[in-house]
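# coords please:
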Amino acid sequence: MKWIRKIRPKMITDFTNNKKETIGKGIGIFTPNSNKLSKEELIEGILKGVEKFKSSKSRNIVLYNLDILELKDFQYIEKKTGLRILNGKQTMVEFLPMVLKELSTFLERKLIDEEILIISDNSFLTYDLIKDLSNRFKFLTIVGNDGYWIEDISKKIYDTTGLSIFYTRDINRILKNYSIIINLNEDVLIDIYKLKSTTIVFDLSIKKLLARRVNSSNKNILVIEDFLFSCEELLLERKIFDLGKEVPSYKYEVFQDNNIENFRKVVVNIEEYTLRDLAYKKIKKRSNI
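Residues are numbered from 1 along each chain as shown. Predicted structure coming up:
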């Protein structure tokens, strides 16, 4: 049996909004004589911290860094605590239509006329995204493993918006047809070399495996991995919440705020860009527009 040091979760601060209402608690996880935690110790610390400080109003867990744990660890912690670990996926889904609209303005291109491929994770987030995009874009295609689920949501979308959605399971056969690809699936396998060189990929998955594969194999493809936001007007304890002037989508998700004015940048292969810079320095340059 592996020996694990005594874990000591401690309350560091209350997080408050601009109305001075408490919206969360900052909890630190410590071990005697060491700042380095193993994954097992970290998970134990999270569980003990939640057990000690959880209240009837607690709904979510915001980790300092999503990369330190695996998806199975998230699921284990959520099952044990009854709380949801925020991962930014919902925030990116909510903001993506607005981001596409602004990007279209900077590109001076009618993205509404371009075909969008959505790689489904068979969740309510995929449905929400398709429903929102169907009111703004003419051509949507869904790829996924659950044909019955996709047929069901396609029917619902048609009944509410009148838009017919194309569905296929053979993703590699159609990749070359799309300029915009939105991925929500954690285990997607595609032939990266069949993507058009001008393709823009939005990887909304949690672990960003598609983004890593594309960035390491085909650097001509532009992959947007995350959105960055300002929360200066939403949180008083900015320095403790960390990460400079902007915060990633999973931290912004705690505010449940979809104000586009708080949107600041996108992350592309670790680099940060405003939508204007992305359009002029990356996309137009790449497309020779």
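# Tell me the backbone dihedrals of V214, please.
phi -70, psi -40 (degrees, to the nearest 10).
# My guess is it contacts I221. True?
Yes - V214 is in contact with I221 according to CB atoms under 8 Å; the separation is 5.0 Å. C-betas here are computed from N, CA, C, even on glycine.
# Now do the shared contacts for those two.
Residues touching both V214 and I221 (CB atoms under 8 Å, 6 or more residues apart in numbering): I192, L195, V201.
# ok, of the residues you listed, which one's closest to M98?
Nearest to M98 among those: V201, at 18.2 Å, using CB to CB.
# secondary structure element for the closest one?
strand 200-203 (DSSP states H and E).
# neighbouring contacts of that strand?
92, 96, 179-183, 195, 210-211, 214, 221-225, 283.
# one step back: when V214 and I221 are compared, which one has more neighbours?
Counted by other CB atoms under 10 Å, V214 and I221 do not tie: V214 has more neighbours, with 25 against 20.
# Just the strands from the stretch 51-200 of the chain, written as ranges.
Listed in chain order, the strands of the stretch 51-200 of the chain (DSSP state E, counting those that start in this stretch) span 60-61, 84-85, 115-119, 139-143, 166-168, 180-183, 200-203.
# Which one of the ones you listed lies nearest to I157?
Across these, closest to I157 is strand 139-143 (CB to CB), at 8.3 Å.
# in its sheet, what does the closest one sit against?
strand 115-119 (parallel), strand 166-168 (parallel) (DSSP bridges).
# Let me know the average pLDDT across that strand.
Taken as a whole, strand 139-143 has a mean pLDDT of 90.
# Same check on stretch 253-266?
90.
# repeat for stretch 58-65
On average, stretch 58-65 scores 88.
# Over to stretch 157-170?
So the average pLDDT for stretch 157-170 ends up being 84.
# For E70, grab the count of nearby residues.
12.
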